[in-house]
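In: next one to model:
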Amino acid sequence: MVAALVAVMLVAAACGGGAGGGGPAGREPAAGVPVEAPEPSSGEELPSAPEPGLPPAGMAEGGGEAVEPAAPDEHGPSVAPAAAGVPAGPPPQPPSIPPEPAAPPEPPEPLPSELPEPAAPPEPPEPLPPELPEPAAPPEPPEAAPPHEPARDDEVQDAVPAPVGERPDVPVMLQFADCERDYLCGTVTVPLDHDDPRGAAVELAVGMVPARDPALRIGYLLVNPGGPGGGMDGFLDFGAGLSNELLGRFDVVGWDPRGVGGSVPSGCRDEARHFHLVDPAPDSAAEQAELDAAARTLAEACVANLGAAVGHIGTMDTVRDMEAIRRALGTETISFLGFSYGTRLGLLYADMFGERLRAAVLDGVVDPSLGGAELAVGQMVGFTRAIEAMFAWCRSDRSCAVTDDPEETYDRLLVRIDAEPMRDSAEQVVLGPARAILAAVMASYSSELWPEFFDGLAAAVNGDGTLLGLLGEFYTDLGDLGAFVSVVCTDGGAADRAELDAFTEALVAVAGDFGRASAVSGLPCEHWPVVAGTLPVGPIAAPDAPPILVVGNRGDNATPYEWAVSVSRQLASGVLVSYDGNDHTSYGLSRCVTAVADEYLVDLVVPSGDVDCPAEG
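Out: Model (predicted):
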């Protein structure tokens with residue numbers, strides 16, 4: 001049952017853990033052999049299906065302080081002064097939440113908590129091309145406490161020809177203000193439909209952690225924790241899990257992608273949580289009816305809340321939003337660090353706007369050349385390997401709380417709670433099949449969670465399912481699963497029952513009953529109004545982009561190592577950085593990986609060849 005819900009979401013790597021402390025030291029690369037991707041048991045072509053995604057990171061509240069703007073320095077077209085899916089400050093972090101970075105310098109007085117209302121842009125003489133509509137210019141801020149504005153190098157900006165759709169004569173500046181968080185807040189107005197720039201507009205919530213060392217500031221580093229469903233909260237609060245080196249040299253910018261938080265919210269998070277806690281492998285007509293009803297309720301709630309935006313919350317919309325954010329920051333180029341699903345955003349941005357990238361690091365890579373069913377199968381292989389490694393650890397480590405064979409113990413528990421879930425004194429379910437499966441999936445994201453999983457398993461065997469149940473529920477609370485479902489269904493388009501049945505059969509052929517349980521991820525898409533999917537499938541070369549570091553963890557569950565190998569070969573300038581770990585993503589978990597990534601992002605030092613980082617205790 002270990003691989004049960006792997007197709008439900010890729011969880012990204014980023015909300016916590018990571019290198020929040022001192023800068024990691026590099027290590028000498030060790031020789032390694034790339035792992036070949038396992039072949040499906042059948043040579044038949046897999047049916048199309050909704051594509052899996054990655055959920056966000058944990059949310060955490062925090063208090064922020066305003067920071068005064070810093071003058072731009074000589075390192076390129078930078079501007080003002082100044083954080084992946086499931087767990088990790090860039091590494092998966094339900095596992096480990098990174099040490100909270102030092103607070104920014106104390107400002108003379110707090111910045112205003114509200115942003116001024118942007119003014120309507122002047123009417124252009126001709127319709128703007130659909131590629132990059134120009135946002136509206138904000139009015140002058142109040143004199144008493146002006147919001148934090150990025151600096152702009154007008155000479156550099158004017159010297160470079162503007163891409164199609166840009167209006168150099170209409171300066172657009174994103175303003176940030178204190179919002180009682182550990183980061184500053186702002187908004188960017190973009191077209192609902194980028195192909196209709198004069199149509200309806202929506203606002204995107206954007207946040208920034210100002211560079212700690214303004215004198216050495218390089219520019220902006222745009223970051224994404226993964227998802228779909230991961231936003232700023234619980235990510236930027238922890239400095240995006242970045243090293244002190246990056247936090248000192250960059251204004252770190254994050255945002256809520258469409259469907260999440262303050263950017264066109266899906267509004268169906270509660271329904272999504274309920275759906276993911278229903279038995280994913282029904283063995284009776286009543287259980288199947290309950291699952292189908294939960295899927296329909298979820299889809300209808302998301303569609304009702306999104307309204308006309310339902311067809312405009314896909315991955316491609318978000319990629320074009322990233323370009324709008326860059327323009328609103330007033331910078332010629334931008335650096336990018338993405339985890340898990342965030343790597344797909346980075347790949348597509350590099351392909352579409354490669355000349356606007358200064359540098360990019362992609363950690364826990366999603367292979368864009370694979371369709372939905374292929375991704376689901378590959379992901380299940382990754383989860384299966386990770387959970388088998390977890391069971392192997394328990395068998396060999398005397399500290400493990402389970403003394404009998406751990407896999408057999410887990411399977412017996414699943415049979416037991418399928419027949420009779422464990423309940424509390426109020427008759428509420430504490431531990432059923434869904435929570436037990438999600439607990440194993442959650443633990444597979446980080447080896448730091450393995451002891452907790454087996455503590456919970458041992459307790460459940462003795463009649464107390466509280467700990468194991470909470471670990472499973474933790475997975476559903478890491479990010480907005482309503483946004484996850486909404487983006488996945490819009491990306492892949494509506495699916496009919498025949499397609500879903502074929503998808504289920506394909507996964508059963510690979511993983512038996514476990515494959516059957518994982519196939520439920522596509523059920524809400526049966527009720528989705530977007531008929532044709534909006535996400536392209538195919539290899540990405542990004543010929544106009546600078547070198548891109550592609551980081552792969554050989555023990556990664558949600559984004560198998562084989563995907564990183566494949567993507568590094570697809571890219572015109574890809575460099576593979578491998579790590580022998582047992583976690584989702586690697587930045588912040590491996591000193592070697594962190595050092596290589598930091599050196600590239602800060603000094604643009606590109607490794608002379610692929611890098612192999614050894615396991616670290």
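In: how close does the residue sitting nearest the centre point of the chain sit to Tyr349?
Out: Central residue of the chain (Cα atoms, centre = their mean): Gly226, 0.3 Å from the mean position. Counting by Cβ to Cβ, to the nearest Å, the gap from Gly226 to Tyr349 is 15 Å. In short, each C-beta sits where N, CA and C put it, glycine included.
In: so where do the strands sit in the stretch 101-250 of the chain?
Out: Taking DSSP state E, counting those that start in this stretch as the criterion, the stretch 101-250 of the chain carries its strands at 184-191, 201-209, 219-224, 250-255.
In: and these: which comes nearest Leu468?
Out: Among those, the nearest to Leu468 by Cβ to Cβ is strand 219-224 (30.8 Å).
In: mind giving me the packing neighbours of that closest one?
Out: Packing partners of strand 219-224 (3 or more Cβ pairs under 8 Å, 6 or more residues apart in numbering; DSSP states H and E): strand 250-255, helix 315-329, strand 334-339, helix 341-353.
In: so which of these is the most packed in?
Out: Mean neighbour counts were taken over the helices and strands packed on strand 219-224 using mean count of other Cβ atoms under 10 Å, and the top value, a mean of 32, falls to strand 334-339.
In: that one to helix 341-353, inter-axis angle?
Out: 150 degrees (axes from the mean of the first three to the mean of the last three Cα atoms, to 10 degrees).
In: now do the residue lying closest to Glu355 once chain neighbours are set aside, the pLDDT please.
Out: Counting by Cβ to Cβ, 6 or more residues apart in numbering, Glu355 lies nearest to Asp544, which is 5.0 Å off, once chain neighbours are set aside. The score at Asp544 is 98. That number is its pLDDT.
In: and if you look at the one 10 residues further on?
Out: You'll see Arg554 listed with a pLDDT of 95.
In: if we can go back for a sec, I'd say the residue nearest to the centre of the chain and Gly364 touch.
Out: Yes: Gly226 is within contact range of Gly364, at 7.3 Å (criterion: Cβ atoms under 8 Å).
In: for Arg326, give me its contacts.
Out: Residues in contact with Arg326 (Cβ atoms under 8 Å, 6 or more residues apart in numbering) are 220, 222, 333-334, 353, 356.
In: re the thing from before, mind putting the helices and strands packed on strand 219-224 into TSV with mean pLDDT and distance to Ser399?
Out: Rendered in TSV, the data for the helices and strands packed on strand 219-224 read as follows (pLDDT from 0 to 100; distance: least, Cβ to Cβ, whole Å):
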stretch	mean pLDDT	distance to Ser399
strand 250-255	98	37
helix 315-329	97	42
strand 334-339	98	30
helix 341-353	98	34
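In: how about those in JSON lines, adding distance to Gly533?
Out: Listed next are the helices and strands packed on strand 219-224 as JSON lines, based on distance: least, Cβ to Cβ, whole Å:
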{"stretch": "strand 250-255", "distance to Gly533": "24"}
{"stretch": "helix 315-329", "distance to Gly533": "10"}
{"stretch": "strand 334-339", "distance to Gly533": "21"}
{"stretch": "helix 341-353", "distance to Gly533": "14"}
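In: nearest to Pro607, out of the ones you listed?
Out: Nearest to Pro607 among the helices and strands packed on strand 219-224 is strand 334-339; the distance by Cβ to Cβ comes to 16.4 Å.
In: what comes into contact with the closest one?
Out: The contact list for strand 334-339 (Cβ under 8 Å, 6+ apart) reads 12-14, 84-85, 88, 90-91, 218-226, 240, 242, 246, 250, 326, 344-346, 349-350, 356-364, 585, 587, 597, 601.
In: could you do stretch 409-423 as well?
Out: Contact with stretch 409-423 is made by 1-2, 279, 281, 283, 391, 402, 429-433, 436-437, 440, 457, 460-461, 463-465, 469, as judged by Cβ under 8 Å, 6+ apart.
In: rounded mean pLDDT for that stretch, please.
Out: Averaging pLDDT along stretch 409-423 gives 96.
In: buried stuff in it?
Out: Neighbour counts using 16 or more other Cβ atoms under 10 Å place 409-410, 413-414, 416-418, 421-422 of stretch 409-423 among the buried residues.
In: do stretch 464-479 as well
Out: 465, 467-476, 478-479.
In: kindly indicate which of the residues you listed lies nearest Glu300.
Out: Lowest distance from Glu300 to those (Cβ to Cβ) belongs to Thr476, with 19.4 Å.
In: verify the contact between that closest one and Phe275 for me.
Out: No: shown here, Thr476 and Phe275 do not form a contact pair, counting by Cβ under 8 Å, at 9.4 Å.
In: so what's the gap between the helix or strand containing Arg412 and the chain middle?
Out: For Arg412, the element it lies in under DSSP states H and E is helix 406-419. In terms of Cα atoms, centre = their mean, to the nearest Å, the centre of helix 406-419 is found 31 Å from the chain centre.
In: returning to what we had before: now the buried members of the contacts of stretch 409-423.
Out: By 16+ other Cβ under 10 Å, these give 1-2, 279, 281, 391, 402, 430-433, 436-437, 440, 457, 460-461, 465, 469 as buried.
In: so can I have JSON lines of the buried residues of stretch 409-423 showing distance to Ile548?
Out: Compiled in JSON lines, the buried residues of stretch 409-423 are given as follows (distance: Cβ to Cβ, whole Å):
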{"residue": "Thr409", "distance to Ile548": "43"}
{"residue": "Tyr410", "distance to Ile548": "39"}
{"residue": "Leu413", "distance to Ile548": "43"}
{"residue": "Leu414", "distance to Ile548": "41"}
{"residue": "Arg416", "distance to Ile548": "48"}
{"residue": "Ile417", "distance to Ile548": "45"}
{"residue": "Asp418", "distance to Ile548": "45"}
{"residue": "Pro421", "distance to Ile548": "46"}
{"residue": "Met422", "distance to Ile548": "47"}
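In: gap between Gly311 and Val487?
Out: To Val487, Gly311 is 12 Å away according to Cβ to Cβ.
In: and these two? which has more neighbours close in?
Out: More crowded of Gly311 and Val487, by other Cβ atoms under 10 Å: Val487, with 30 against 17.
In: for that one, which non-adjacent residue is closest in space?
Out: Distances taken as Cβ to Cβ, 6+ apart place Pro228 nearest to Val487, at 3.6 Å, with adjacent residues excluded.
In: count of neighbours near the one you found?
Out: Pro228: 38 neighbours (other Cβ under 10 Å).
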